[in-house]
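*Asks:* Fold the following, please.
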Amino acid sequence: MANKFDPGSYSVAIRKTVEDGETYFEARVAELPDLLVYSETAASAHEEMLDVIRGARGAACEEGHSFPPPASMQPH
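*Replies:* You can find the predicted model right below:
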């Protein structure tokens, strides 16, 4: 049985930031440094990032590219 893909296994970091007087929450992924999401709440930033991870993996698979595994699955 194949392992089910779990975007929640990636190292998502949420940081509160203020730009031009507006407060936002920034989500980044350690294993996928090119991904970045801004949202109005920490929870929505996290959920949006999980969707972005799913989309990025789907695009990589469609194009025949490898996709980095979560840090917890990488050799140490």
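*Asks:* Would you map the strands across this protein?
*Replies:* Residue ranges of the strands in the chain, as given by DSSP state E, are 12-19, 22-29, 36-39.
*Asks:* what sits against the closest residue in space to Ser39 that isn't next to it in sequence?
*Replies:* Ranked by Cβ to Cβ, 6 or more residues apart in numbering and with sequence neighbours excluded, the top spatial neighbour of Ser39 is Ala45, at 3.8 Å. Any C-beta I mention is one placed from the backbone N, CA and C, and that applies to glycine too. Ala45 sits next to Ile14, Tyr24, Phe25, Glu26, Ala27, Val37, Tyr38, Ser39 when contact means Cβ atoms under 8 Å, 6 or more residues apart in numbering.
*Asks:* Among those residues, name the buried ones.
*Replies:* When the contacts of Ala45 are checked for burial by 16 or more other Cβ atoms under 10 Å, the buried set is Ile14, Tyr24, Phe25, Glu26, Ala27, Val37, Ser39.
*Asks:* measure the second one to Ala60 for me?
*Replies:* Spelled out, that is Tyr24. Noted for Tyr24: a distance of 27 Å to Ala60, by Cβ to Cβ, to the nearest Å.
*Asks:* The fourth one too?
*Replies:* Taken as Cβ to Cβ, the spacing of Glu26 relative to Ala60 amounts to 23 Å.
*Asks:* for the last one, same thing?
*Replies:* Taken as Cβ to Cβ, the spacing of Ser39 relative to Ala60 amounts to 23 Å.
*Asks:* Same check on the first one?
*Replies:* Going from Ile14 to Ala60 by Cβ to Cβ gives 24 Å.
*Asks:* Export only the CA atoms of stretch 13-33, formatted as CSV.
*Replies:* What follows is stretch 13-33 as a C-alpha-only set of coordinates in CSV (Å, rounded to 0.1, in the frame of the first residue of the first chain):
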residue,chain,number,x,y,z
ALA,A,13,6.4,28.2,10.2
ILE,A,14,4.0,31.0,10.8
ARG,A,15,5.3,34.5,11.6
LYS,A,16,3.3,37.7,12.4
THR,A,17,4.4,40.6,10.3
VAL,A,18,3.3,44.2,9.9
GLU,A,19,3.6,45.9,6.5
ASP,A,20,2.3,49.4,5.7
GLY,A,21,0.5,49.4,9.1
GLU,A,22,-1.4,46.1,8.3
THR,A,23,-0.8,43.0,10.3
TYR,A,24,-0.5,39.7,8.3
PHE,A,25,0.7,36.2,9.1
GLU,A,26,3.4,34.8,6.9
ALA,A,27,3.7,31.0,6.3
ARG,A,28,6.9,29.4,5.1
VAL,A,29,8.1,25.8,4.7
ALA,A,30,11.6,24.9,5.6
GLU,A,31,11.8,22.1,3.1
LEU,A,32,10.3,24.2,0.3
PRO,A,33,11.8,27.7,0.6
